[in-house]
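> kindly return the folded structure for what I paste below:
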Amino acid sequence: MKTSDTLPVSSLNLLLWAAGQQGANVDELRQAIGLDAATAANPDARVSIVTIQRLWPLAIAASGDAYLALHLGSLVNPTSIGLLAYVLMHAPTLGAAMEHLCRYQDIACQGVRTVLKPAEDGAWLMLELLSPDITYPEHVINSELSVYLAAFAGLTGQVVLPRAVQLAYPQPTDATEHERVFGPAPLTFDAAQTAVLFDAETLALPIRNASPTLFSLFEQHAAAVLNQLPKGGELSLAEQVRRHIVQLLKGQAPALSAVADRLHLSTRTLQLHLKEAGHSYQQLLDEVRRELALRHLRQPHQSTTDIAFLLGYSEPSVFVRSFKKWTGQTPGAYRKTASSF
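Alright, predicted model coming up:
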C-alpha cells in the first residue's frame, strides 16, 4: 500500500498561525486534525498531506476568511520559513534565489514541485502538484504563490510584479481578490499548469542584506569548527582546505576548483599535494560535514532536512546514509542520544 505524501510539520504550523491571526482558535483546530503538541514542536516531524488538506476548510471556516490562502503571504513573516529563507537571502539576485527555491523545495516537500523555466526576456516559475492527496489544489496554489511574492518583495525591498499569472484551477465566481493579490498581471484560469512569468529586469534585482539572525544559524557552527583549527602559520594544506570548505559550505557543497582558486593553485596541483599528504578532497569535505552535522543535530529547532541542505546534500536520504556511515547511527537516533546528556 502506498504511503501518503508528507510535508514538514512547520508548514502546517504556519497555516495554523495564520488562521490564528485571523481570529481562529488554534488549539481547537489542532484537536480537530489530531495534531498533538509534541508533534507540533518536533522539528523533524512530518505530517501527511491529507492532514493539511483536512485543515484548509476548517481553518477558513474558523478564521472567517474565505481567501485565507491568498492572504497567507501577507500574514506570515517570510523569515519564518526558516532555512529556506536563509538560502534565498544568500543569493545574489532574485533569479538566483528562485533557482535555490526550486532546488530546496524539491528535497523538502513531497506533493509539490517548483521549476524555473527560461522564457524570452525572463522566466516562468512553475508549480506542479504531484500528490493525489491534494484535494484543494486552489488553496495549495494560492498559498504557495502568495508566500513567494511576499518573500520576493522582502528579499529585494521592492514590490515584485509578475508579467502574467496562469492558474491551474477553474475561475471563481468573483476573482476580485485574485486580481488584487496577483495584479496587475493578466490572470488566466483553467490553465494547463500553474506558472508565473517574471521579466529579466525583475530576475536581476539584487537581494538585500541577509538577515543576521538566519545568517547566524550557519555561522555560529562554522565558527566553532574554524576555532578548532590551528591558527596562522601553523596551518597545513589539509587544514587550509578544511577552513575554506567551512567558509564556502552554505547550502551547496563547494567544488574542489573553488577551494583551489582560494589557495591560488590549480585543481590538479591541489589534488596532488593532498595525495602526497595522505588526504583527498572528498575525505576533508566529509570530515567538515560530519563535524557540522553533529553540531547542528545538538540544536533542537533544525530538522534533518534543513541540516542536509545546509551541508550541501541534494537529498536528505543521502545525508542520512552518510551520517550512518560516519557514526553508525541515523541523525534521528543521534539527536535522541545527544539530548539525553
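> which stretches of this protein have low pLDDT?
The chain contains residues with pLDDT under 70 at 1-4, 78-87, 105-110, 209-234, 339-341.
> ok, which stretches of it are strands?
Ranges of strands in the chain, per DSSP state E, are 6-8, 46-48, 112-119, 122-129, 164-166, 187-188, 194-199.
> can you give me the end-to-end span of stretch 245-265?
End-to-end span of stretch 245-265 (Cα to Cα, to the nearest Å): 15 Å.
> mind listing what's buried in stretch 249-256?
By neighbour count on 16 or more other Cβ atoms under 10 Å, the buried set for stretch 249-256 is 249-254, 256. In this view, the C-beta of every residue, glycine as well, is placed from N, C-alpha and C.
> for the strands of the chain, which one ends up most surrounded?
Burial of those is given as mean neighbour count (mean count of other Cβ atoms under 10 Å); strand 194-199 ranks first at a mean of 22.
> quick check: angle from that strand to strand 122-129?
160 degrees (axes from the mean of the first three to the mean of the last three Cα atoms, to 10 degrees).
> each with direction, which strands does strand 194-199 pair with?
Strand 194-199 has its sheet partners listed here by DSSP bridges as strand 122-129 (antiparallel), strand 164-166 (antiparallel).
> isn't residue 165 right up against residue 186?
Yes. Under the criterion of Cβ atoms under 8 Å, residue 165 makes contact with residue 186 at 7.3 Å.
> could you pull out the helices in the stretch 101-250 of the chain for me?
Secondary structure of the stretch 101-250 of the chain by DSSP state H, counting those that start in this stretch: the helices cover 137-156, 176-182, 200-203, 212-228, 237-248.
> from these, which stretch is densest packed?
With neighbours taken as mean count of other Cβ under 10 Å, these reach their highest mean count in helix 137-156, at a mean of 21.
> check which helices and strands that helix is in contact with.
Identification of packing neighbours for helix 137-156 by 3 or more Cβ pairs under 8 Å, 6 or more residues apart in numbering; DSSP states H and E yields helix 68-75, helix 83-89, helix 94-108, strand 112-119, strand 122-129, helix 176-182, strand 194-199.
> just the angle between the longest one and helix 137-156, please?
What that stands for is helix 94-108. Using the same axes, to 10 degrees: helix 94-108 against helix 137-156 is 130 degrees.
> one more: the last one?
Direction vectors for strand 194-199 and helix 137-156, defined by the same axes, to 10 degrees, enclose an angle of 20 degrees.
> give me the residues contacting strand 194-199.
Here strand 194-199 makes contact (Cβ atoms under 8 Å, 6 or more residues apart in numbering) with 94-95, 98, 117, 119, 121-129, 141, 145, 148, 160, 162-168, 185.
> if we use 7 Å, what do you get?
119, 121-127, 141, 145, 162-168 (Cβ atoms under 7 Å, 6 or more residues apart in numbering).
> one more: the longest one?
Where contact means Cβ under 7 Å, 6+ apart, the residues beyond helix 94-108 that reach it are 8, 84, 87-88, 91, 112-116, 123, 125, 152, 155-156, 202-205, 207, 251, 305, 309, 314-316.
> switch the cut-off to 6 Å
The contact list for helix 94-108 (Cβ atoms under 6 Å, 6 or more residues apart in numbering) reads 84, 87-88, 91, 114-116, 125, 156, 203, 205, 305, 309, 315.
> swap in the fourth one?
Contacts made with strand 112-119 from outside it, assessed by Cβ under 6 Å, 6+ apart, are listed as 98-99, 102, 105, 123-130.
> swap in 8 Å and give it another go.
With Cβ under 8 Å, 6+ apart, strand 112-119 has contacts from 95, 98-99, 101-102, 105-106, 123-131, 134, 140, 144, 195, 197.
> so which of the strands paired with strand 194-199 gets nearest residue 273?
Between residue 273 and the strands paired with strand 194-199, the tightest spacing by Cβ to Cβ is seen for strand 122-129, at 41.4 Å.
> got the angle between that closest one and strand 112-119?
Here strand 122-129 points in a direction 160 degrees away from that of strand 112-119 (the same axes, to 10 degrees).
> residues near residue 23, how many?
For residue 23, the number of neighbouring residues by other Cβ atoms under 10 Å comes to 10.
> got a list of what it touches?
Residue 23 touches 62-64, counting by Cβ under 8 Å, 6+ apart.
> 6 Å - rerun?
Contacts of residue 23 were listed using Cβ under 6 Å, 6+ apart, and they are residue 63.
> in a markdown table: the strands of the chain, plus distance to residue 17.
As requested, those are exported to a markdown table (distance: least, Cβ to Cβ, whole Å):
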| stretch | distance to residue 17 |
| --- | --- |
| strand 6-8 | 14 |
| strand 46-48 | 15 |
| strand 112-119 | 20 |
| strand 122-129 | 22 |
| strand 164-166 | 26 |
| strand 187-188 | 28 |
| strand 194-199 | 24 |
